[in-house]
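*Asks:* Below: sequence and its predicted model.
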Amino acid sequence: MELRQLRDEQPDLAQAVDLQIQLLQLQRRVQARVPLPAISLDTTVLDATLAAGRPILAFEQVPIDWSDLRFLVRSTADAMRTHDAIEADDYRRVEKLSRDADRLAPAIRNWYEAARPASAGGGGISADVEGLEPLLVQAMRPFLSRCADAIMARTNFAAWPHGNCPLCGGEPDFSIITPAADRLLVCARCTTRWRFNQLACPFCLNDDRGRITSFATRDGLYRLSGCDVCQRYLKGFDGRHAHRPVMPAVDAIATLPLDAAAVQRGYR
């Protein structure tokens, strides 16, 4: 309902809204039957892993049904192609990858582990998945968000001071300022939320106020922080000015004009 209202209010975003609705419908078809992750949900065990500086969830603990994942990879590619969100060459790469069981599983593992810090097994991205990361984020979301829901119910990630996700090791793509003025980061891959320094850049940890550029929408609901050290930016939802809770699937689309403004200012 919020996405459809956004489409009516901002017709320029109609294609992005329609794609987001289609992706959500695909993910919901699968998410209801995803089981719990193959991991101990004992709070003591989870907190000990965090205290050691390691993201909690290893790839082999993600409850992937490979038939469902192949369906999501193909269907996500079809949706993105329909809405001009993927190049023809990349679309053909996805088709080949989804049909080759021997390549798909190692490719997904590489995508998952490449984003993690080097100390947690991270490394280079393989040629099979390079450039396909946005698609794989969507295809893997039902499995990873199921893990996030289960684990966030057992720990608050208070022992995690890093800018990457404490659950899967991925980078944030959104932030939330709570009514109490705390800052939460939201993982791009699994939607885990964790508290982080109110000012520091999560990508390079720069905390020099003079080298952080921040600007907001006119209504104050959304804001963007750009780091003048690494030239990266992060969008955010300001709960102090909100009439509803954050909805990342909606707010990521509503803030597309902020993305354009950030790129114009030289951020990435």
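*Replies:* Thanks, I have the structure now.

*Asks:* what separates stretch 123-142 from the chain centre, distance-wise?
*Replies:* Centre-to-centre, stretch 123-142 and its host chain are 12 Å apart (Cα atoms, centre = their mean, to the nearest Å).

*Asks:* And the contacts of that stretch?
*Replies:* By Cβ atoms under 8 Å, 6 or more residues apart in numbering, the residues outside stretch 123-142 that reach it are 23, 27-28, 30-31, 34, 62, 68-69, 72-73, 76-77, 80, 85-86, 90, 93-94, 97, 103, 106-108, 110-114, 188-191. From N, CA and C alone the C-beta is placed, and that goes for glycine too.

*Asks:* Give me the buried stretch members for that stretch, please.
*Replies:* Taking 16 or more other Cβ atoms under 10 Å as the basis for neighbour counts, the residues of stretch 123-142 that come out buried are Ile125, Asp128, Val129, Leu132, Leu135, Leu136, Val137, Gln138, Ala139, Met140, Arg141, Pro142.

*Asks:* now those residues in a markdown table, with distance to Ala260, pLDDT and secondary structure?
*Replies:* Converted to a markdown table, those look like this (distance: Cβ to Cβ, whole Å; pLDDT from 0 to 100; DSSP: H, G, I helix; E, B strand; the rest coil):
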| residue | distance to Ala260 | pLDDT | secondary structure |
| --- | --- | --- | --- |
| Ile125 | 26 | 90 | coil |
| Asp128 | 31 | 91 | coil |
| Val129 | 27 | 93 | coil |
| Leu132 | 23 | 96 | coil |
| Leu135 | 22 | 97 | helix |
| Leu136 | 24 | 97 | helix |
| Val137 | 21 | 97 | helix |
| Gln138 | 21 | 97 | helix |
| Ala139 | 26 | 98 | helix |
| Met140 | 27 | 98 | helix |
| Arg141 | 25 | 97 | helix |
| Pro142 | 29 | 97 | helix |
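
*Asks:* Asp173: which of those residues is nearest?
*Replies:* Of all the buried residues of stretch 123-142, the one sitting nearest Asp173 is Val137; the distance, using Cβ to Cβ, is 8.6 Å.

*Asks:* Give me the buried entries from the contacts of stretch 123-142.
*Replies:* Among the contacts of stretch 123-142, the ones that count as buried by 16+ other Cβ under 10 Å are 23, 27, 30-31, 34, 62, 68-69, 72-73, 76-77, 80, 85-86, 90, 93-94, 97, 107-108, 110-114, 188-191.

*Asks:* So which of the contacts of stretch 123-142 are in helices?
*Replies:* With helices defined by DSSP state H, the entries of those inside them are 23, 27-28, 30-31, 68-69, 72-73, 76-77, 80, 90, 93-94, 97, 103, 106-108, 110-114.

*Asks:* where in this structure is pLDDT low?
*Replies:* Under the criterion of pLDDT under 70, the regions of the chain flagged as low confidence span 118-122.

*Asks:* Give me the most central residue, it.
*Replies:* Computing the C-alpha centroid of the chain and ranking residues by Cα atoms, centre = their mean puts Ala188 first, at 1.0 Å.

*Asks:* mind checking how far that residue is from Leu144?
*Replies:* The gap separating Ala188 from Leu144 is 10 Å, by Cβ to Cβ, to the nearest Å.

*Asks:* what does Asp68 give?
*Replies:* Taking Cβ to Cβ as the criterion, Asp68 is separated from Leu144 by 13 Å.

*Asks:* Tell me how many other residues crowd Pro245.
*Replies:* The tally of other residues near Pro245 (other Cβ atoms under 10 Å) stands at 8.

*Asks:* what helix or strand does it sit in?
*Replies:* Using DSSP states H and E, Pro245 is not contained in any helix or strand.

*Asks:* Could you pull up the residues touching it?
*Replies:* Residues in contact with Pro245 (Cβ under 8 Å, 6+ apart) are Gly239.

*Asks:* Now do the phi/psi pair for the residue of the chain most remote from its centre.
*Replies:* Within the chain, the residue lying farthest from the chain centre (Cα atoms, centre = their mean) is Gly210, at 27.8 Å. Main-chain dihedrals, Gly210, degrees, to the nearest 10: phi -70, psi -10.
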